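Q: kindly return the folded structure for what I paste below:
(chains A, B and C)
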Amino acid sequence: MAEKHFVVIGSGPAGNQAAFTLRENAPEARITVISKGRESSCVPSLLPDFIAGKIDEQGLLVCQVGSYKASGIKLRCSQEVVDLNIQAKELILAHKEIVPFDGLIIAVGGMPRIPERLQVFQDVMFTLKTLEDANFWIDRLKKVESVMMIGGDLTSLAVTKTLISLNKKVYFILNEDAFWPLRSNEELFAAVATRLAERGVDVLVGRNVKSLQRLAGGEIQVQVDNQYITVGMVGAFFGLVPEIRFLARSGLRIDRGVLVDEYLCTGVEGIYATGDCAQIYHPEISDYWISLGHENARTLGHVAALNLVHGDKQLEVKPQSIFEVQGINVNTSWWTEF
Amino acid sequence: MPKVDLTIEICGMSGDGTIAAGGLLNAAMARAGLSVMAFDSYPAEIRGFGRCVTRARIGDEEMLALHDKTHVLVSLDDEQSFSRIPFLADDAMVLFDNRPPSMVSEGRSLAAHVEPGISLIGIPFGDLAAQAASTKRGRNIVALGGVAAIFSLPPDYFREVIRKKFKAKGEAVLEGNLRSFDAGYEYTLENYRQRVTDTLAHMENMEDPGRILQSGNVAIAHAALDADVKLYFGYPITPATPIMEYLAKALPEKGGRVVQMEDEISSIGAVLGSFFAGTRAMTATAGPGFALMTELITHGVMAEIPAVIINAQRGGPATGLPTKTEQSDLQAAVFGGPGDSARIVLAPTSVKECYAYTMKSFQLAEKYQTPVIVLTDFFLNNRVETMAMPHASEEEKRDGNIYPAAGSKESYHRFAVTESGISPRAIPGMEGFIFTTTGLEHSEKGAPNYTPENHNAMNAKRHRKIDSAMTDLPEPQEFEAEEGGLDVGVIAWGSTFGAALEAVHKARNKGKKAGALKITAIYPFHEDPIRAFMGKCKEILIPELNYEGQLANLIGHLHAKDVIRMNQTTGLPIYPREIYEKIMEIG
Amino acid sequence: MKSDNANDKTIVFSTEPEDFYYMDVNVPCQGACPAFTNIPAYIRALYEKQYVRSYEINRMVNILPGVLGRICSRPCEDTCRHGESELGQPVNICHIKRAAADFLGETPGPIQKELLIRDKKVAIIGSGPAGLAAAHDLATIGADVTIYEAFAKPGGMLQYGIPEFRLPRSIIKAEIDRIMELGIHLKTGVRVGDDEAMETLLAEHDAVLLAAGCYQSNRLNISGEELPGVHSGLEFMIDVCQGRPAALGNRVLVIGAGFTAFDCARSALRLGSQEVRICLRRTEGDLVVTKDEILESKVEGIKIESLMIAQKIIGNGKVQGVEFVRTHPGPLRPDGKREITTLKGSEFVLPADSVIVATGQKPVPMKTPAEQNDRGLPAADNRSLQTSTPGLYIAGDYLSGPSTVIEAIAMGRRAAEKIAEDLSGKCFRQWVVRMENTQTTDRERAWDFIERQAMPTVKPVMTRLRNVSLEIEKGYNPEIAIEETKRCYLCFLHYEIDIDRCIYCRYCIDVAPRDCIKLVDEIITNETGAITGFVETNNWSEVNAVVIDNSRCIRCGECMRVCPVDCISVTRVELIERMEPTEASHG
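A: Model (predicted):
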């Protein structure tokens, strides 16, 4: 029988870890990683530090250039999966190549989310997920003195810290979309707002953006309810939406993310989803959960790979999962709120 | 060191417009002020399907040779391009059609084969062409748009060369191609903004209209026209055919004629007849055709009739490798044929020299009354180079005949034995100068004569004549050898020389004492300068694209010790890196 | 497909099963339309700016183009070939239909009417889509039709179920008025069963069609459903449509996943509610509501929550919230939906001021002499639509349960046909496949790359919410509409290679946009002779034909344009309904 072919889609922290765990546990298998990006992805959570100038580009990388090749993992960069056929166990790539697999780990991560009602203002909002985004921030920050942050996900807090270190005036609209898709509550809001205010941030809690308008000088005029604030740039931080549109026709169970069980299996034998794009159903807590953050992603990638090879390692539940971000304890909670 | 040195390759199936795209790319690059050396390879079969590859090395300095690594691969047909993957540089860029007409199985797309360090640039060539011009036939032009965008080459130069190429095909075709180019250009800018470099954006010679792109074949034909050749006789054969094709159009405009003969024997016969009658003529052929000509070439030697023969070498023996390059006809050119039939053999090393030596061969043939063979090879004939428009002075163009002095009619001996071996030559019809000509050994008056004394004297005279020609032949040229004390001296001829010189430059940059000697007069050759060069070198390396070491066989004995031979018969041009590595191995 | 001589200009009508099979496979949009609307034909007519013709092609089979052009569920677009994964997005078929209605200009003249069964009296209960369609068809053949409508205005769900911002009332009125001009009697405010007995109707008419729709809302059957602030979706919409909406408060939870749920949620926003959530048992991806509808709802600020089932409604004298339990989707069922299981212990509460339950509706029981089914409703055969009472037929949602407007229209027409057949012993309409050689592609390849034209909508959101009846979708302007029509592949064009004239040059394959032209060894047909597949080969010795696979063909016309021997024919094949009275066949 021919060697098994394992495919990992995505080369972020989760996909990267999954590929190397597969390699360790299935030395004979053929392993392919398919990634939309260049040779090595960057760790998104380090981007604020990169903007602040604390780390260089090399320090952002998920893994060293060349490490895939050294491990005998085929890395396909700049290539995109557009369809999955779960019956035939085949992936269709954008350039119309059909890639068959014996096992699949979907680790495509997410892309910055902008709520539908604000999508008309997309052009004037900066997001932060890729190195390219970070470079846009760096460029723009050279020219502006003030920044309006809208939303309020984990990244936004790190970015705020960076902005303060760069002596920028920061406004922060902390509203219902904050911590999406996590449960937001008034207690948490209050804690975050206080902390931000202490650091000199102008916090507007629970207020809604009515419009954004680019002025002649390039500044952005933000209408918050009936108040107008003019800032140099606007950052949108509404969490990430999994990039799983390519799975729409696949027949996999999909809600906000790919629905998987406690073993990260999609319910189709040999197909797993992990990292930010997985929406995990856990029987012990009787609910769905989505992971956030770089370390979690690595753990999930590892677990998915082990399960794909061995099929029996259950994900360890950490009901008390706590993230230490900027001195604020953010309870990531179980994923009950969408 | 050059600032820009890129090798761009377009690969496709015949019918994809690969060669056409290469031509346009080269022209646009030249227009943008870059130096270009380009070489196409066609399918081995004369008709039918197969891979076409066009490779261009471009840079800001004059090109001596092609590069073995490709920096940019444009794939018009992935199935054909797989074999090119091993030749990609580590940081190469691959442009491919990311919307092929049908689904392909794993591994049947170029994308499956590129290493992560290589930039993969997917451009829907076919779809963009179809979108722009309602037909996907312009997909090769879309690909050019992609190349232009990636390297920030001014699109106007491409539009200019596209206009030039398609204007005769009607407004619709021209507009379709221009739109296809723009579509590729815009798509690439939009989708690959981060990959765009300005490497080729601003070249100094951008607006120099005197620079042209010319192939060895066209340079030869061009020289023939400038030399006022009136007649071309030939029989088509790869890689010499383009000379005939070019002249077939150009010669009649100047009152001349191109005649396709029934074979190569009649072709050389007609050339001899034409020169005999005092009119410049030419033929061009390749190995198999040259073999057919040998008897009549020796007829020219014996009867002392001028002739100019271009031998565009290809892979041999026999039919051999019709579309591959080789330097294996040297011995046939110098020694081929019955009898002691010394003749003049020249071998240009560049497109510029193709022009110069073709031009020169007419004078030499006339002055020394003997066939002159210009030995080129597939690579030299078919490659194009950017250069200034070549031209020859009136002196270089003039009639080379040494006519008999007026008043010598009574005592005129057509084959008079002279010190130089040159007998003044009358053209039939010159009043009073009567002589006979024959392929039989003959007396000074031209009558058949087999006496021992006569044959000895005549053989000696004919060889003296060839020795005399030495003074009119280009001397070997030394490079990097002024100071002497070299560890390695590289002697090379023909298309191999450029690669050898580049290798020497590279070796010297690495601290190696290396020099080069260019030999363009293959026969007769200048022994003393060659010996002098050899004397400066510990080791002599002679790289050649043949198995037997044909130049080494000819001159090797001049060196104090055995020369080092580097023989390659891959059918491909030799690359500087290969010679460089050999140089570094020596001593 | 028979008759494919390129010079044959005659029109052929076929009723062969193989031709119906061909239509079903190769013109998928028409096959997907419950009313078999000739979609390529009306799209092409609009492209030719024949707005009246485009409108009439629609109206002949789907009766209400202006209405359907706005609110049709668009099963056609799901099967549109342009939406295949490698080809982009489906043609905006629905909005082109609307454009035909929008651009009509002067109202077309009266609908043609033939007095074929003039002495027959038919009563129709319900003036919704099914009833209107049946009334229309019966009136066009001369029947004396009376519609009994319980509400004050005709239109059924169109009038009382769909909010004005999706379907302006002027459109409903205009299209119904034109139908009424056929001489149909309309009695509004008459509820059969209450105001008029079914028996009376049966006695006074030759036939009665019950098409009263579904007006009884489904209940959740959970505790708290009786609390003030809990509304049935349909009743809420009827109230909204009659201009007397219920007061909702700030926080509204809509439970349901259909069009009604979305209409309720969007209406709630317009009534001033601040926080409106639609709560789904399954996921957003499982919604049958159109993607545009979902997006527009979100843009307006509606939140969509998934994987939850309401367990009980909480409140003390008034609704305060709903307790949900998480669901988990299981494997796919044969009907394409997923099993849903609830997750024990995952209960959670969402606060609410009002709850709208929009989980479907069912017919209101009506007393008739006919036999009843197990749900206490009069029973009818799904094919013949007949009940056990002679002369009493049932159609539309009343028979099928909640369906779509286009399905109801299709069934209403079927009922009319059946009634006419039973009353006269004749068939008045017949579906045939019409074939006409055209020898023109009617398309440009470049059109395949036009993006789907978005429907312009009212922005910003504030404007929408302030003006409750303002239609959100503004309609295409002619320019956009024509652009969208170009995207249609015109699947009704059938391309075929005449094997006897093909010279196997494969130019067509070279320019093919995808693997639509095949080298085949064998053609596979089913028992009716219809082509169902091909045995392809790459081995030249096995190639028996070059064929166009019409199920892959996107009708770009490139093959036809490059064919050097003109062996590719184009036939326009259409599934059309012919008004042609024939004796009814029994069996």
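Q: count of neighbours near B:G556?
A: 18 (other Cβ atoms under 10 Å in any protein chain shown). Backbone N, C-alpha and C define where each C-beta goes, glycine included.
Q: give the contact list for B:M302.
A: Going by Cβ atoms under 8 Å, 6 or more residues apart in numbering or on different chains, B:M302 touches B:339, B:341, B:439-441, B:462.
Q: where does the chain have low pLDDT?
A: Picked chain A for this. By pLDDT under 70, the low-scoring segments of chain A are A:1-2, A:176-186, A:206, A:282-286, A:291-293, A:311-338.
Q: my question was about chain B, not that one.
A: For chain B (pLDDT under 70), the answer is B:1, B:42-49, B:202-209.
Q: related to what we said a few turns ago, so can I have a markdown table of the contacts of B:M302 showing neighbour count and distance to A:S40?
A: Output for those, formatted as a markdown table (neighbours: other Cβ atoms under 10 Å in any protein chain shown; distance: Cβ to Cβ, whole Å):
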| residue | neighbour count | distance to A:S40 |
| --- | --- | --- |
| B:G339 | 12 | 72 |
| B:S341 | 23 | 68 |
| B:G439 | 15 | 76 |
| B:L440 | 12 | 81 |
| B:E441 | 15 | 80 |
| B:R462 | 24 | 73 |
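Q: and the residue of the stretch 1-150 of chain A closest to chain C?
A: Taking Cβ to the nearest Cβ, chain C has its nearest neighbour within the stretch 1-150 of chain A at A:E116, 3.6 Å off.
Q: what residue, apart from its backbone neighbours, is nearest that residue spatially?
A: C:K298 (3.6 Å; Cβ to Cβ, 6 or more residues apart in numbering or on different chains).
Q: which helix or which strand is home to that neighbour?
A: Using DSSP states H and E, C:K298 falls within helix C:291-300.
Q: returning to that earlier point: need phi/psi at the residue of the stretch 1-150 of chain A closest to chain C.
A: Dihedral pair for A:E116: phi -50, psi -40, per degrees, to the nearest 10.
Q: quick check, it in contact with C:L295.
A: Yes. With contact defined as Cβ atoms under 8 Å, A:E116 reaches C:L295; the gap is 6.5 Å.
Q: I'd say A:T160 and A:K168 touch.
A: No. Applying Cβ under 8 Å, one finds A:T160 not in contact with A:K168, separated by 9.4 Å.
Q: neighbour-wise, which of the two wins?
A: More crowded of A:T160 and A:K168, by other Cβ under 10 Å: A:T160, with 24 against 17.
Q: can you name the residue of the stretch 301-450 of chain C nearest to chain B?
A: Residue of the stretch 301-450 of chain C nearest chain B, by Cβ to the nearest Cβ: C:F449 (3.8 Å).
Q: who's in contact with the nearest residue to that residue once chain neighbours are set aside?
A: Among residues not flanking C:F449 along the chain, B:Q131 sits closest, at 3.8 Å (Cβ to Cβ, 6+ apart). For B:Q131, the contact set (Cβ under 8 Å, 6+ apart) comprises B:183, C:445-446, C:448-449.
Q: these: which two are farthest apart?
A: Greatest spacing in the contacts of B:Q131, by Cβ to Cβ: B:A183 and C:D448 (13.9 Å).
Q: out of these two, which sits in the busier spot?
A: With neighbours defined as other Cβ under 10 Å, B:A183 and C:D448 compare such that B:A183 has more, 26 against 21.
Q: may I have the host helix or strand of that one as CSV, with CA atoms only?
A: Per DSSP H and E: B:A183 is located in helix B:171-191. Coordinates of each C-alpha in helix B:171-191 appear next as CSV, following Å, rounded to 0.1, in the frame of the first residue of the first chain:
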residue,chain,number,x,y,z
GLU,B,171,-6.6,46.8,-35.9
ALA,B,172,-8.6,44.1,-34.1
VAL,B,173,-5.7,41.7,-33.5
LEU,B,174,-3.4,44.6,-32.5
GLU,B,175,-5.9,46.0,-30.1
GLY,B,176,-6.7,42.6,-28.7
ASN,B,177,-3.0,42.0,-28.0
LEU,B,178,-2.5,45.5,-26.4
ARG,B,179,-5.5,44.8,-24.2
SER,B,180,-4.1,41.4,-23.3
PHE,B,181,-0.8,43.0,-22.3
ASP,B,182,-2.6,45.6,-20.2
ALA,B,183,-4.7,43.0,-18.5
GLY,B,184,-1.6,41.0,-17.4
TYR,B,185,0.1,44.1,-16.3
GLU,B,186,-2.8,45.4,-14.2
TYR,B,187,-3.7,42.0,-12.8
THR,B,188,-0.1,41.5,-11.6
LEU,B,189,0.2,45.0,-10.1
GLU,B,190,-3.1,44.5,-8.3
ASN,B,191,-2.5,41.0,-7.0
